[in-house]
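Asker: got a predicted structure plus its sequence, pasted below:
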Amino acid sequence: MGQSYEAAKNALEAAGFFMRATGTSTFYTNSSRAQSQSVAGGETAAIGTVIDVQFSTVVEDGYAGLE
């Protein structure tokens, strides 16, 4: 958990799985991070299993305190 979209996708694909991303939107940014997944790390799953990964994105409002 805590991985970026690309890092999570690459890790799952390298292990023989597919990733279905859910959460923030269809646009994942550098600040999007994996929060949970349908199969926990270390659990056994068949090669080719689709793993659901929930992402969230930290949004900064850009408020500078100027009046």
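Answerer: Now that the structure is in, tell me what you want to look at.
Asker: mind listing the helices for the chain?
Answerer: For the chain, the helices defined by DSSP state H cover 5-14.
Asker: just give me how far stretch 3-22 sits from the chain centre.
Answerer: 8 Å (Cα atoms, centre = their mean, to the nearest Å).
Asker: do the same with stretch 2-13
Answerer: With Cα atoms, centre = their mean, you get 7 Å for stretch 2-13.
Asker: pull it out as CSV, backbone CA atoms only.
Answerer: Output for stretch 2-13, consisting of C-alpha atoms alone and laid out as CSV, is shown next (Å, rounded to 0.1, in the frame of the first residue of the first chain):
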residue,chain,number,x,y,z
GLY,A,2,1.1,3.6,-0.5
GLN,A,3,2.4,2.9,-4.0
SER,A,4,1.7,5.1,-7.0
TYR,A,5,-0.6,3.9,-9.8
GLU,A,6,2.3,2.9,-12.0
ALA,A,7,4.3,1.2,-9.2
ALA,A,8,1.3,-0.8,-8.1
LYS,A,9,0.4,-1.8,-11.7
ASN,A,10,4.0,-2.8,-12.5
ALA,A,11,4.3,-4.9,-9.3
LEU,A,12,1.1,-6.8,-9.8
GLU,A,13,1.8,-7.4,-13.5
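Asker: state the mean pLDDT of it.
Answerer: For stretch 2-13, the mean pLDDT works out to 92.
Asker: i'd like the first residue to be 54 from this point on
Answerer: Happy to do that; since the first residue is 54 now, the last one works out to stretch 55-66.
Asker: for that stretch, buried residues please.
Answerer: Under the neighbour-count criterion of 16 or more other Cβ atoms under 10 Å, stretch 55-66 has Q56, S57, Y58, A61, K62, L65 buried. C-beta: built from backbone N, CA, C; applies to glycine.
Asker: what residue is smack in the middle of the chain?
Answerer: A87 (3.3 Å; Cα atoms, centre = their mean).
Asker: what comes into contact with the lowest-mean-pLDDT helix or strand in the chain?
Answerer: Lowest mean confidence among the helices and strands of the chain (mean pLDDT, DSSP states H and E): strand 85-90, at a mean of 89. Contact with strand 85-90 is made by 54-58, 61, 76-77, 104-111, as judged by Cβ atoms under 8 Å, 6 or more residues apart in numbering.
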